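Novice: predicted model, plus sequence, below.
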Amino acid sequence: MSDWRSTLVTAILAAVVGAACAWGVLTWTGRETSAPSLHQVVHDQMDLTAAQAQRLDEIEARFAAERTRLEAEVRTANRELSDAIAQSQGDTPQVQAAVDHFHSAMGELQKATIAHVFEMRAVLTPEQAEIFDRAVVDTLQSDAG
């Protein structure tokens, strides 16, 4: 492939990755400002017992540490992807490996988040769980557009 084509492919890939990241940031920040978080729903809209509140605080603290670790892995994978694209001459095995790492890191974050949601739900009464489930569904639907 000629040099100008390699440069063009790299520029297009960089633009696509940049657009995807921008979309992700806009989606993330828009969601945070438009709908109450699950934390807000649980702590502000439910009449929790002291035992429930303590248990949920423990769950949230444990997940906060896990989420921090997983988000760092996503950022690392994203840097690897940007480096691979910058150094490649197109869709190379290094780019594909970086894409795979990024998808894996994002998948692990998503799986941990879902497990966290179900762990929180298990602490709630059936009536509280209905409110919680509605908030989870509303959040997912608003994220889906």
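Specialist: Looks like it came in fine. Numbers count the residues shown, from 1 in each chain.

Novice: buried residues in the top helix by length along the chain?
Specialist: Longest helix of the chain, by residue count under DSSP state H: helix 50-87. Going by neighbour count (16 or more other CB atoms under 10 Å), the buried part of helix 50-87 is 52, 55-56, 60, 63, 66, 70, 73-74, 77-78, 80-82, 84-85. Quick note: C-beta positions are derived from backbone N, CA and C, even for glycine.

Novice: stretch 120-136 now?
Specialist: In stretch 120-136, counting by 16+ other CB under 10 Å, buried: M120, V123, L124, Q128, A129, F132, A135, V136.

Novice: among these, name the ones in helices.
Specialist: Taking DSSP H, the ones among those that sit in helices are M120, Q128, A129, F132, A135, V136.

Novice: from those, which two are the most distant?
Specialist: Q128 and V136 (12.5 Å; CB to CB).

Novice: what's the strand or helix carrying D44 in contact with?
Specialist: In the assignment (DSSP states H and E), D44 maps to helix 38-45. Residues outside helix 38-45 that contact it (CB atoms under 8 Å, 6 or more residues apart in numbering): 36, 48, 53, 56, 60, 117, 120, 124, 131-132, 135-136, 139.

Novice: low pLDDT regions in the chain?
Specialist: 1-36, 145 (pLDDT under 70).

Novice: switch the cut-off to 50
Specialist: Across the chain, the ranges flagged by pLDDT under 50 are 4, 8-9, 11, 13-16, 19, 32.

Novice: what's the local residue count around S104?
Specialist: For S104, the number of neighbouring residues by other CB atoms under 10 Å comes to 13.

Novice: host element of it?
Specialist: Secondary structure from DSSP H and E places S104 in helix 93-121.

Novice: buried ones in that helix, by neighbour count?
Specialist: Going by neighbour count (16+ other CB under 10 Å), the buried part of helix 93-121 is V95, A98, V99, H101, F102, A105, M106, L109, H116, V117, M120.
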